[in-house]
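Asks: need the 3D shape of this:
(chains A, B, C and D)
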Protein chains: 2
Amino acid sequence: MSETATPAPTKVQLLELLAAIGTAQWREFAAAAAQHGLTPTQARVLAQLEGPVPMRGLAVLLVCDASNVTGIVDRLEARDLVRREPDPHDRRVKNVVATDAGRQVIRRVREEMQAAHGALDTLDEAESATLYALLARLRPSMEKG
Amino acid sequence: MSETATPAPTKVQLLELLAAIGTAQWREFAAAAAQHGLTPTQARVLAQLEGPVPMRGLAVLLVCDASNVTGIVDRLEARDLVRREPDPHDRRVKNVVATDAGRQVIRRVREEMQAAHGALDTLDEAESATLYALLARLRPSMEKG
DNA sequence: CCCAGATGTTTGATGTCATCAAGTAACTCG
DNA sequence: CGAGTTACTTGATGACATCAAACATCTGGG
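Replies: Numbering: from 1, shown residues only, chains lettered A, B, ... in the order given. Next up is the predicted model:
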């Protein structure tokens, strides 16, 4: 098995490569968001809004304090990208819903992200499957121990 | 080739998996940094300081405005993790150098990062090499188009 | 039923990071 | 030498992030 062109990388090398790709991807995302006048955080919130999500739920998804979400949603709401609706079952909670404009904006951001990643097209089906399988094994362990 | 357990993933699935791993890794890094009273940005700066680096160089590495670096280094310097030294060849530039304390802190942060990634140990050498090779093909294309 | 405790949201104080515009000092080159 | 560039800092402003505290609402045991 040692006739492969690439020798076994060290753990550190793998981690650094993952980190490099991660930050590059994050910057792409930030740039795509910025083109539509969104901060990365705002774009992230919009991306979570398939359906109504309570403020508290957003805090969980973003892994941040609930009081933080108030301001983020305030700014999105001021631009009509998002709406706060009362929850029918619990008068304490306010559900955040993307407006049509909000859905449109986040759709464009996603498109630009994918367009920027032509590199993925250089992987054939087998390679994609292999990469996905290996990465999938890394994912769950990244959770809190 | 269809007898593999994992069917070929879509581009979007791959991107999302990469994003998930990326954010998880970032959170690990932030948590490790926080345990030593560092913000992620501060830890990132320390991690870059193998040798002396001019303020401007840090701005390039962090992909941010130079004026931003002033404050970040100020805070690190206030805690004696970093020192500003005059450059011998250009009196305009100030080189940032990690102090012993700074080197020690960032070393511990790195250790905690790796400790958290036992998942990588479940990959054998061939799998590591394959993963590394595939990821390496993704990296360069993530640059600015 | 009713009150004690838990939960959801907001406000206010504070700190870090990000930008831009402007200013000062020092280098470089014609 | 003088004009233009470069390195760093300062100041203004805005977005995130935390924590503490207030408030309304839900929930469960007595």
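Asks: and the residue sitting nearest the centre point of chain A, what helix or strand is that in?
Replies: Residue closest to the mean C-alpha point of chain A, counted by Cα atoms, centre = their mean, is A:Arg44 at 5.6 Å. Using DSSP states H and E, A:Arg44 maps to helix A:40-48.
Asks: and that helix, how far out from the chain's middle?
Replies: Relative to the chain's own centre, helix A:40-48 is displaced by 7 Å; criterion: Cα atoms, centre = their mean, to the nearest Å.
Asks: contacting residues around that helix?
Replies: A:26, A:29-30, A:32-33, A:36, A:38, A:58, A:61-62, A:69, A:72-73, A:75-76, A:81-82, A:96, A:98, A:102, A:105-106, A:109-110 (Cβ atoms under 8 Å, 6 or more residues apart in numbering or on different chains). All C-beta spots, glycine's among them, are computed from the backbone N, C-alpha and C.
Asks: does that helix reach DNA strand C?
Replies: No - using Cβ under 7 Å from any atom of the strand, helix A:40-48 stays clear of DNA strand C, coming no nearer than 9.8 Å.
Asks: beyond that helix, next helix or strand please.
Replies: Using DSSP H and E, the next helix or strand after helix A:40-48 towards the C-terminus is strand A:53-54.
Asks: what average pLDDT does that next one get?
Replies: What strand A:53-54 shows for mean pLDDT is 98.
Asks: please save the CA atoms from stretch A:108-120 in PDB.
Replies: Extracted in PDB, the C-alpha atoms of stretch A:108-120 (Å, rounded to 0.1, in the frame of the first residue of the first chain):
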ATOM      1  CA  ARG A 108     -28.500  33.900  -4.100                       C
ATOM      2  CA  VAL A 109     -25.800  33.600  -1.400                       C
ATOM      3  CA  ARG A 110     -25.900  29.800  -1.700                       C
ATOM      4  CA  GLU A 111     -25.700  29.900  -5.400                       C
ATOM      5  CA  GLU A 112     -22.600  32.100  -5.400                       C
ATOM      6  CA  MET A 113     -21.000  29.800  -2.800                       C
ATOM      7  CA  GLN A 114     -21.500  26.800  -5.100                       C
ATOM      8  CA  ALA A 115     -20.400  28.600  -8.200                       C
ATOM      9  CA  ALA A 116     -17.200  29.500  -6.500                       C
ATOM     10  CA  HIS A 117     -16.400  25.800  -5.800                       C
ATOM     11  CA  GLY A 118     -15.600  24.500  -9.200                       C
ATOM     12  CA  ALA A 119     -12.900  22.500  -7.500                       C
ATOM     13  CA  LEU A 120     -15.500  19.900  -6.400                       C
END
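Asks: residue contacts, the residue in chain A positioned nearest to DNA strand D?
Replies: Closest to DNA strand D within chain A is A:Thr39: 2.9 Å, counting by Cβ to the nearest atom of the strand. Contacts for A:Thr39 (Cβ under 8 Å, 6+ apart) come out as A:Ala33.
Asks: that one and DNA strand C, how far apart?
Replies: Per Cβ to the nearest atom of the strand, to the nearest Å, A:Thr39 is found 10 Å from DNA strand C.
Asks: and that residue, how far is that from A:Arg103?
Replies: Relative to A:Arg103, A:Thr39 is positioned 18 Å away (Cβ to Cβ, to the nearest Å).
Asks: name the residues of stretch A:78-98 that are buried.
Replies: A:Leu81, A:Val82, A:Arg83, A:Lys94, A:Asn95, A:Val96, A:Ala98 (16 or more other Cβ atoms under 10 Å in any protein chain shown).
Asks: so the fourth one touches A:Asp87, yeah?
Replies: Yes - under the criterion of Cβ atoms under 8 Å, A:Lys94 is in contact with A:Asp87, at a separation of 6.8 Å.
Asks: between those two, what contacts are shared?
Replies: Common contact partners of A:Lys94 and A:Asp87 (Cβ under 8 Å, 6+ apart): A:Pro54.
Asks: any regions of chain A where pLDDT drops low?
Replies: A:1-6, A:140-145 (pLDDT under 70).
Asks: show me what the longest helix seen in it is packed against.
Replies: Once chain A is assigned using DSSP state H, the helix that runs over the most residues is helix A:11-34. Applying 3 or more Cβ pairs under 8 Å, 6 or more residues apart in numbering or on different chains; DSSP states H and E, one finds that helix A:11-34 makes contact with helix A:40-48, helix A:100-116, helix B:11-34, helix B:100-116, helix B:125-138.
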